[in-house]
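**Q** model this:
(one chain, ligands or ions: 1)
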Amino acid sequence: MYHQWFTSDIEQTDKEIYDVLINELNRGRNGLEMIASENYVSKAVMQAMGSVLTNKYSEGYPGKRYYGGNEFIDVAEQLAIDRAKKLFGADFVNVQSHSGSTANMEAYFALLELGDSILSMSLDQGGHLTHGHKVNFSGKFYKFHFYGVDRKTKMIDMEEVRRIAKEVKPKLILAGFSAYPRELDFKYFKEIADEVDAYLMADIAHIAGLVAAKEHPDPIPHCDIVTTTTHKTLRGPRGAMIMGKEEYETAVNRAVFPGMQGGPLDHIIAAKAVSFKEALQPDFREYAKSIKKNAKALAESLVEHGADVITGGTDNHLLLLDITKYGIGGKQAEKVLDKVGIFTNKNMIPFDTRSPFDPSGIRIGTPALTTRGLGTSEMKEIGELIVRTLANPDDEAILETVKQSVNEMSEQFPLYPGFTLLR
Ligand code: DSN
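**A** I've put the predicted structure just below:
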């Protein structure tokens, strides 16, 4: 029985952590997860994570380890590598990166010297902490220059990227984001990188599942190195990987181990292999298509109900909402949506005049709910529920009506139905 594997020993050993597991499962079951970077892995992926492979030390790479007893670990890591190569069509893949942040650090270390200059998207316009924010290692170790979005369209103006690249002559151009609702034009980025003789790197953490399913333009033919987390749209375990052109394989592998990391997380690598196998199946393509359809339906519904959707819609799995008109900040918006069971996160919007701790926007995504089986008609309804909530943040009676609808929808689409709780 799966539930016994899931919790029975923990319940005996550590009641407090057992309660955390059960409470977290129930929190998910009783609400709608719309944080754009989150998803639900399959039970198979979860089983690989919670396995004997966590016990092993395996510094090195398949066939070249510093410890004995790695014959089975080698099989798992090689399967993960081979499947990822097939999925993305990359020359090489390193599947050992513990997280998106370490993957980015390793990629920089592989290509650059400390102090080199990088051109990336600024965090307050949609970028990521590891793309040069001053409080992050990236901003401390490298000299960053930034592009953003156009003030009017709120989309990346590639001619402006070209202008800045020509002015600052970066050693590396980085295409990637954590909050941008439109497609990235990797071909255009490559043209610019070639013109200024820079490396081109993409961080596809958010869109990896869409790329794998051919539902987003492909970065692999254009980029020297591509990093990604494995747990967002790709629907694998929490972790990351690095892909790229053959000539950078040795530098990347050295940057990962021994450069940045010690023993790899073998249980996570096995889970990555499982998730890549899942992503290679035809139904994963359907899943990626549905993520986008759902995001579009949600954006349309929000617009229909008068909400300010940044750029007017979305091409991918996420959208950004400007909540200024509701007279509340992102902090309160996130909180009141949490209260009715719709989980999102506060987010800066381009040219935000408020602080990152209480910005003018929220970010909403569809990968997790699409996994759970919700479709476009539910998205239409959720759009209305979100607007009803944001427009009435202090009206308990109205919030209760929203909570009721959320509960009904949650029950209709059970999360991990195979997990039978013991209480
Ligand atoms: N925390 C991730 C996100 O939410 O986009 C990025 O690291």
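**Q** single out the residue in the stretch 301-423 of the chain that lies closest to the ligand.
**A** Using CB to the nearest ligand atom, the closest approach of the stretch 301-423 of the chain to the ligand is made by residue 345 at 6.8 Å. Any C-beta I mention is one placed from the backbone N, CA and C, and that applies to glycine too.
**Q** gap between residue 120 and the ligand?
**A** In this view, residue 120 and the ligand are 14 Å apart by CB to the nearest ligand atom, to the nearest Å.
**Q** can you pull the contacts of that residue?
**A** 127, 131, 132, 144, 145, 146, 147, 173, 174, 176 (CB atoms under 8 Å, 6 or more residues apart in numbering).
**Q** just grab the bridge partners of residue 199 for me.
**A** When bridges are called by DSSP bridges, residue 199 pairs up with residue 172.
**Q** wait, it touches residue 226, no?
**A** No. Using CB atoms under 8 Å, residue 199 is not in contact with residue 226; the gap is 11.6 Å.
**Q** the more surrounded of those two?
**A** Taking other CB atoms under 10 Å, residue 199 and residue 226 do not tie; residue 226 has more neighbours (29 against 22).
**Q** that older thread, the residue of the stretch 301-423 of the chain closest to the ligand and residue 33 touch, don't they?
**A** No. In this structure residue 345 lies outside contact range of residue 33 using CB under 8 Å: 11.1 Å.
**Q** before we move on, back to that, residue contacts, the residue of the stretch 301-423 of the chain closest to the ligand?
**A** Contacts of residue 345 by CB under 8 Å, 6+ apart are 35, 36, 334, 362, 363.
**Q** once you drop chain neighbours, what's closest to residue 183?
**A** With sequence-adjacent residues excluded and distances taken as CB to CB, 6 or more residues apart in numbering, residue 183 is closest to residue 315, at 4.7 Å.
**Q** same deal with residue 37?
**A** Residue 37's closest residue in space is residue 232 (CB to CB, 6+ apart), at 5.0 Å.
**Q** quick one: residue 374 is in a strand?
**A** No. Residue 374 is assigned coil when assessed by DSSP: H, G, I helix; E, B strand; the rest coil, not a strand.
**Q** pretty sure it sits against residue 413.
**A** Yes. Taking contacts as CB under 8 Å, residue 374 lies within contact range of residue 413: 5.6 Å.
**Q** residues in a beta bridge with the residue of the stretch 301-423 of the chain closest to the ligand, which ones?
**A** With DSSP bridges as the rule, residue 345 is bridged to residue 363.
**Q** how near is it to residue 161?
**A** 27 Å (CB to CB, to the nearest Å).
**Q** so which helix or strand takes in residue 9?
**A** helix 2-13 (DSSP states H and E).
**Q** just give me how far the next helix or strand after that helix sits from the chain centre.
**A** Per DSSP H and E, the first helix or strand lying C-terminal to helix 2-13 is helix 15-29. Helix 15-29 has its C-alpha centroid displaced from the chain centroid by 23 Å (CA atoms, centre = their mean, to the nearest Å).
**Q** for the next helix or strand after helix 15-29, packing partners?
**A** Beyond helix 15-29 on the C-terminal side, the first helix or strand identified by DSSP H and E is strand 32-33. For strand 32-33, the elements it packs on are strand 342-343, helix 367-371, helix 396-412, judged by 3 or more CB pairs under 8 Å, 6 or more residues apart in numbering; DSSP states H and E.
**Q** average pLDDT across strand 32-33?
**A** Strand 32-33 shows a mean pLDDT of 98.
**Q** ok, it near the ligand or not?
**A** No. Using CB under 6 Å from any ligand atom, strand 32-33 stays clear of the ligand, coming no nearer than 12.4 Å.
**Q** tell me the contacts of residue 111?
**A** 171, 172, 199, 201, 224, 225, 248, 251.
**Q** now residue 209: closest residue in space, sequence neighbours ignored.
**A** residue 233 (3.0 Å).
**Q** would that neighbour count as being in a strand?
**A** No. Counting by three-state DSSP, residue 233 falls outside a strand, being coil.
**Q** skipping its backbone neighbours, what lies nearest residue 301 in space?
**A** Residue 301 sits nearest to residue 383 (CB to CB, 6+ apart), 2.6 Å away.
**Q** contacts only, for that neighbour.
**A** 297, 298, 299, 300, 301, 302, 304, 305, 307.
**Q** same question for residue 28.
**A** Taking CB under 8 Å, 6+ apart as the test, what residue 28 contacts is 40, 415, 416.
**Q** quick one: which of those sit in strands?
**A** Within the contacts of residue 28, no residue falls in strands by DSSP state E.
**Q** of the residues you listed, which is the most crowded?
**A** Going by other CB under 10 Å, residue 415 tops the contacts of residue 28 with 20 neighbours.
**Q** hang on, that residue packs against residue 40?
**A** Yes. When contacts are counted by CB under 8 Å, residue 415 is listed as touching residue 40 (6.8 Å).
**Q** overlap of the contact sets of those two?
**A** What both residue 415 and residue 40 touch, as defined by CB under 8 Å, 6+ apart, is the set 28, 372.
**Q** and residue 244, backbone torsions?
**A** Residue 244 adopts backbone torsions of phi 170, psi -170, taken as degrees, to the nearest 10.
**Q** what's the burial count for it?
**A** Counted with other CB under 10 Å, residue 244 comes out at 26.
**Q** same check, this time on residue 223
**A** Applying other CB under 10 Å, we find 26 residues neighbouring residue 223.
**Q** who touches the longest helix seen in the chain?
**A** Longest helix in the chain, counting residues (DSSP state H): helix 282-304. With contact meaning CB under 8 Å, 6+ apart, helix 282-304 is reached by 181, 209-210, 212-215, 233, 235, 278, 309, 312-319, 321, 364-367, 369-371, 374-377, 379-384, 386-387.
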